[in-house]
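Undergrad: Fold the following.
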Amino acid sequence: MFDECVIRGRHFVPARFCAPMAGYTHSAFRRLLAELGGCGAVWTEMLAARQILSENFSTSPWLRRYSPEQRTVFQLMVRAGDPFDRILNRLGERGVDAVDLNLACNSMCVRACEAGSALFENLAALRTVLSEVRSRWPGLLTAKIRLGSRCRDWQPRLAERMRLLEEAGVDAVILHPRFFEDKFKRRARHELIPWVASLTRLPLIANGDLTGPEPVQRQAGHFRSACAVMIGRSAIVRPWVFATWNEPVHLDIAEIWRKMCQYIVEDFPPAVAFRRVQMFTKYFAANFAFGHQFNVEVSNAPSLESGALRTDFFRARPRPSLIPRSQDCKSNRLRTASFCRSFRTVMSRGDRREDIFLDWRGTGALGLERSLLGLPIQE
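TA: Purely as a prediction, here's the structure:
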C-alpha cells in the first residue's frame, strides 16, 4: 500500500512520509533518512515563521538541506499578523517548493502565540491566515491538523474547518486523529479517517501511531481513503523503517549510529550537538534488549567525546529488542513501566523468584512480562 500518490500534480514515490518532530527532524536526521532511502518526503520540525527572516539557510540545522534530500516540506508555526509576504518570498528564493501550516500543536507556548491549535480554533484568524498564505505562496501548501478540542460539537466544528481549508486552496491535509487534549496519551482514532476524508475533496495524509507496514495492513479498511501515510517517532527509533517497508534490507546498525552522531556534530555547535545525540539515543536504544544501559551511559556522559561516539556497545553485538516493532514508542514505555511494577510486586511476595530471574536474564523485558502473565517466552 501507498507506493505512490499525486498531490496537486506532483508525484510522491512512495506515498510514505516522515512527520515533523520538534528536536528530531533537523538537517542531520533528514540527511540520514535520505541516504537510507524509501521516504517519499520529510517534513522539517515546526519552524517559527518570523525566524525564517533571520536564519542562515546555509548553516542553520533547521533550514539546511543536503543533496540526497529529494522532497523537504517546511512546516511553519504561523499566526495572524505575520509578515507572510517577506517570509514566503524568502522561502521561495531559497528553492523551497512546499510549505505546511501547523494547526495541531497544543503546547502552552505555541497557544500563547495564538498559533497551532489556538489558530485552528479561531475561525476568523484561520480564514485570514489561509487567505494571506495562499495568495502569496504558489507552491505546494498543506496543513497538519487534529480532530480539534474535545467537546460535544467537535464534529460540525471539524467539518466547518475542513471546508475552510478546501475553499482557501490548501492542497492536502495531514490528519492526526486525536483531540488536542489527548496529546499522545490516548490511541489515534484511525477509524475516523474515512469519515474525515468524506468531508473534503482534498487528499488526506494519515498520521498517528503508525510504526510500519503492519498496522497499516492490519487496518487497511481505515486507510483506503487516505492518499499517503506519515510516520513519526518510530522513524527515530528505526530510521530504516521506510527503506525496509516492502522487503528486508541488510543494515549495519552501528554504522547508522555512527553516521547520525557525525551528522549531528557537523550541523550543530558542540553543546547543542551533545543534547541532540542524547535525544536521539533515547529512542534509538529501544532497538536493543538492554538498550536502556546504552541510553543511561550516553545520558550521563560528561561530554560528546566521552560518551556518545563510543562503539563498544555495538562491538558487543547487542541483542535486538523483543518488543514487537508494530507497537508505538509511547506504548512501549507504558508497558515497560507496567511490568517493572509487576516484577517488584511478585518479588515482594517471593513467588516464582528463580523462574523470574532466569527469564529476566535470558529474554529481556518482554520475556519478564510474559513470564509474569504465564505465557510462553518468545525466542
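
Undergrad: tell me, what residue is most central in the chain?
TA: residue 232 (2.0 Å; CA atoms, centre = their mean).

Undergrad: looking at it, that residue is touching residue 211, isn't it?
TA: No: taking CB atoms under 8 Å as the definition, residue 232 is not a contact partner of residue 211, at 9.2 Å. The C-beta positions use only the backbone N, C-alpha and C, and glycine is treated the same way.

Undergrad: export the host helix or strand of residue 141 as CSV, just CAs?
TA: Counting by DSSP states H and E, the element that carries residue 141 is strand 140-145. Taking Å, rounded to 0.1, in the frame of the first residue of the first chain, the C-alpha atoms of strand 140-145 are listed here in CSV:
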residue,chain,number,x,y,z
LEU,A,140,2.5,23.2,-2.6
LEU,A,141,0.6,24.0,0.6
THR,A,142,-0.5,21.5,3.2
ALA,A,143,-2.0,21.8,6.7
LYS,A,144,-1.5,19.5,9.7
ILE,A,145,-4.5,19.2,11.9
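
Undergrad: which other residues reach the next helix or strand along the chain from it?
TA: Using DSSP H and E, the next helix or strand after strand 140-145 towards the C-terminus is helix 154-168. The contact list for helix 154-168 (CB atoms under 8 Å, 6 or more residues apart in numbering) reads 120, 123, 126-127, 130-131, 134, 143, 145, 147-149, 151, 173, 179, 196, 199-202.

Undergrad: Excluding covalently adjacent residues, which one is nearest to residue 243?
TA: Leaving aside its sequence neighbours, residue 243 sits nearest to residue 38 (CB to CB, 6 or more residues apart in numbering; 3.8 Å).

Undergrad: show me what contacts that neighbour?
TA: Going by CB under 8 Å, 6+ apart, residue 38 touches 14, 16, 240, 241, 242, 243, 244, 245.

Undergrad: one more time with 7 Å, if that's ok
TA: Residues in contact with residue 38 (CB atoms under 7 Å, 6 or more residues apart in numbering) are 14, 242, 243, 245.

Undergrad: and the last one, that's in a strand?
TA: No: under DSSP: H, G, I helix; E, B strand; the rest coil, residue 245 falls outside any strand and is assigned coil.

Undergrad: Around it, how many other residues sit close by?
TA: As a burial measure, residue 245 scores 20 neighbours (other CB atoms under 10 Å).

Undergrad: Contacts only, for it.
TA: Neighbour list for residue 245: 16, 38, 213 [criterion: CB under 7 Å, 6+ apart].

Undergrad: List the ones among those that fall in helices.
TA: Among the contacts of residue 245, the subset assigned to helices under DSSP state H consists of residue 213.

Undergrad: circling back: what does the residue nearest to residue 243 show for phi and psi?
TA: For residue 38, the backbone dihedrals (degrees, to the nearest 10) come out as phi 90, psi 0.

Undergrad: still on that earlier bit, now the residue nearest to the centre of the chain: phi and psi?
TA: When read as degrees, to the nearest 10, the backbone of residue 232 gives phi -110, psi -110.

Undergrad: okay, it: pLDDT?
TA: As predicted, residue 232 sits at a pLDDT of 94.

Undergrad: Verify the contact between it and residue 19 for me.
TA: Yes: counting by CB atoms under 7 Å, residue 232 touches residue 19, with 3.9 Å between them.
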